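Asks: Predicted coordinates and the sequence they were generated for:
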Amino acid sequence: MTTPDQTAVVAEPTPATGPVPPAGLVADIVVDVGAFTVQVSLTVTPGEVTCVLGPNGAGKTTLLRALAGLAPITSGRIVLDGDVLDDPAAGVFRPAHHRPVGVVFQDYLLFPHLSARDNVAFGLRARERTGRRRARQLADGWLDRFGLADHADRRPGQLSGGQAQRVALARALAPAPRLLLLDEPLAALDVATRSDVRAHLARTLAASPTPVLLVTHDPLDAMILADRIVILEAGRIVQEGPAAEVARRPRTRYVARLVGLNLYAGTANGDLVTLDGGGQLHIPADSPPPGPGTAVLVAIRPTAVALYPDQPPQGSPRNVLAGPVETLEPFGDRVRVSIASEPPIHADITAAALADLRLAPGTPVWATIKATDLTVYPAQDA
Ligand SMILES: Nc1ncnc2c1ncn2[C@@H]1O[C@H](COP(=O)(O)OP(=O)(O)OP(=O)(O)O)[C@@H](O)[C@H]1O
């Protein structure tokens, strides 16, 4: 029950405030470079790491350059923590050096004539107007945190690739940017260094409240570093979501290849899907059947595909495909066999199975997949 005293407290008028702008990045932009157009709508919230994945020429770098203020947008708006950085219709354009945005490109772009300390201090002095002495002290703190205290006096040419990458990250983070943009930050590193630096990057980004947009070609980077994945193809976002969801239900062939799945588009009728590219697949009868004529995607893990040298006996509710082996490639601890069947399919088999089957390009082979190993989902987002 409410006493009169409590009512008086609750009834105290609160000052009117305007709507609180969303924190983090909100971008809805069109960018034209030559004949190519990037058109995306994107948000990144504080503390979130979003990875942008896409094939060569998809527009990933163009997107990052626009957000950094290094390329003008044609139309739309870029808003960071409620501050409008770009809005050509309103005549707003905040130049790159006045944006609270940290940028790390794959070739680091460290100043070759400056020590690691002065490279990091440069970022602080440029953005924060920090005095030289103070900037160097702060830079030493960052280098220490990144395990580089002993390398502060070295120039970039005296650092390994991994160390230089950490200096670049320290330089970008030191001025406390409100958005961090990373363009293929691990691409220039050799395989061994890459996994160390990836682990360091994962720890650093997880501990940072700064929203991060990271461009990569490498699905492993995305799976390890990202809270959310955005797939860019031909300048458009074709899929976005948590990494596990994107991996489980790819919406394009590019994504399916990226996460190592077979993917087919087709039309469902009961428990049979007629594929757009030719062929049919039996889908699980017990799953809720898509309505007749529904456009669906069917995903199959290559490890769920069993191979036989001869036609397997009929009977069980399996899909049976036949065709010659097209290619054989090592894939992790298995061998990926691509078969020119209808539809074409990839199977991942062990080296022992490969030896048993005596497969080579051109060998005829039968592939079976249980209906229960097919994942079926609507081709359009619900
Ligand atoms: N300054 C420019 N003038 C004309 N076209 C450009 C310019 N910059 C980029 N492009 C074109 O825009 C498209 C997207 O390029 P962008 O570098 O953004 O792709 P990307 O996804 O980063 O590719 P990659 O993975 O190969 O680095 C490409 O077709 C490229 O040729």
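Replies: Arrived safely.

Asks: Distance of the closest residue to residue 113 other than its chain neighbours relative to the ligand?
Replies: Distances taken as Cβ to Cβ, 6 or more residues apart in numbering put residue 155 closest to residue 113, at 6.9 Å, once the chain neighbours are dropped. Yep, even glycine has a C-beta here, placed from its N, CA and C like the rest. Residue 155 sits 28 Å away from the ligand, going by Cβ to the nearest ligand atom, to the nearest Å.

Asks: Residue ranges of each domain in the chain, please.
Replies: As assigned by automatic domain parsing, the chain contains the domains 25-247, 260-378.

Asks: Give me the distance between the longest one and the centre of its chain.
Replies: Read it as domain 25-247. 13 Å (Cα atoms, centre = their mean, to the nearest Å).

Asks: Quick one: end-to-end distance for that domain.
Replies: Start to finish, the residues bounding domain 25-247 are 25 Å apart (Cα to Cα, to the nearest Å).

Asks: same thing with the last one?
Replies: End-to-end span of domain 260-378 (Cα to Cα): 20 Å.

Asks: In space, not sequence, find me the middle residue of the protein.
Replies: residue 51 (3.1 Å; Cα atoms, centre = their mean).

Asks: is that residue in a bridge, and if so with what?
Replies: Here residue 51 shows beta-bridge partners residue 214, residue 229, assigned using DSSP bridges.

Asks: Going forward, the N-terminal residue is numbered 46.
Replies: I'll keep to 46 as the first residue from here, and by that count the last item is residue 96.

Asks: my guess is it meets residue 276, correct?
Replies: No. The criterion here is Cβ atoms under 8 Å, and residue 96 misses it with residue 276 at 9.4 Å.

Asks: returning to what we had before: pick the most deeply packed of the domains of the chain.
Replies: Most buried of the domains of the chain, by mean neighbour count (mean count of other Cβ atoms under 10 Å): domain 70-292, with a mean of 18.

Asks: picking that back up, residue contacts, the residue nearest to residue 158?
Replies: Counting by Cβ atoms under 8 Å, 6 or more residues apart in numbering, residue 200 touches 157-161.

Asks: Up against the ligand, what does the stretch 46-195 of the chain have?
Replies: 78-79, 81, 99, 101-107 (Cβ under 6 Å from any ligand atom).

Asks: Looking at those, point me to the pair that's furthest apart.
Replies: Spatial extent of these (Cβ to Cβ) is set by the pair 79 and 99 at 17.8 Å.

Asks: which other helices and strands contact the helix or strand where residue 245 lies?
Replies: Using DSSP states H and E, the element containing residue 245 is helix 236-252. Under the contact definition 3 or more Cβ pairs under 8 Å, 6 or more residues apart in numbering; DSSP states H and E, helix 236-252 sits against helix 206-218, helix 264-270.

Asks: Following element in sequence after the longest one, please.
Replies: Which is helix 206-218. strand 224-228.

Asks: Got the phi and psi for the residue of the stretch 246-395 of the chain at minimum distance from the ligand?
Replies: At 6.2 Å from the ligand, residue 262 is the closest residue in the stretch 246-395 of the chain, using Cβ to the nearest ligand atom. Main-chain torsions, residue 262, degrees, to the nearest 10: phi -100, psi -20.

Asks: these two touch, right, it and residue 98?
Replies: Yes. In this structure residue 262 lies within contact range of residue 98 using Cβ under 8 Å: 7.3 Å.

Asks: And the pLDDT for the residue of the stretch 46-195 of the chain found nearest the ligand?
Replies: Here the residue of the stretch 46-195 of the chain nearest the ligand is residue 79; by Cβ to the nearest ligand atom that distance is 2.7 Å. Here the pLDDT value assigned to residue 79 is 91.

Asks: Under the pLDDT cut-off, which ranges of the stretch 196-345 of the chain? List them.
Replies: 331-334 (pLDDT under 70).

Asks: make it 80
Replies: 233-240, 264-265, 304, 330-336 (pLDDT under 80).

Asks: Quick one, grab the pLDDT at residue 61.
Replies: 51.

Asks: Any figure for the gap between the residue of the stretch 246-395 of the chain closest to the ligand and residue 167?
Replies: According to Cβ to Cβ, to the nearest Å, residue 262 stands 29 Å off from residue 167.

Asks: same deal with residue 159?
Replies: Residue 159 is 7 Å from residue 167, where distance means Cβ to Cβ.

Asks: Please apply the same query to residue 421.
Replies: The separation that residue 421 has from residue 167, given Cβ to Cβ, amounts to 54 Å.

Asks: List the neighbouring strands of the lengthiest strand in the chain plus their orientation.
Replies: Longest strand of the chain, by residue count under DSSP state E: strand 363-376. Partners of strand 363-376 in the sheet, by DSSP bridges, are strand 379-384 (antiparallel), strand 409-415 (antiparallel).

Asks: any idea of the mean pLDDT for it?
Replies: Here the average pLDDT along strand 363-376 is 91.

Asks: So what pairs up with residue 343 in the strands?
Replies: Residues in beta-bridge contact with residue 343 (DSSP bridges): residue 309, residue 421.

Asks: In contact with it, which residues?
Replies: 308-311, 318, 320, 326, 328, 419-421 are the contacts of residue 343 under Cβ under 8 Å, 6+ apart.

Asks: now, which of the residues you listed lie close to the ligand?
Replies: For the ligand, no contacts are drawn from the contacts of residue 343 by Cβ under 6 Å from any ligand atom.

Asks: which two in those are spaced the farthest apart?
Replies: Spatially, the most separated pair among the contacts of residue 343 is 320 and 420, at 14.8 Å (Cβ to Cβ).

Asks: Cheers, nothing more for now.
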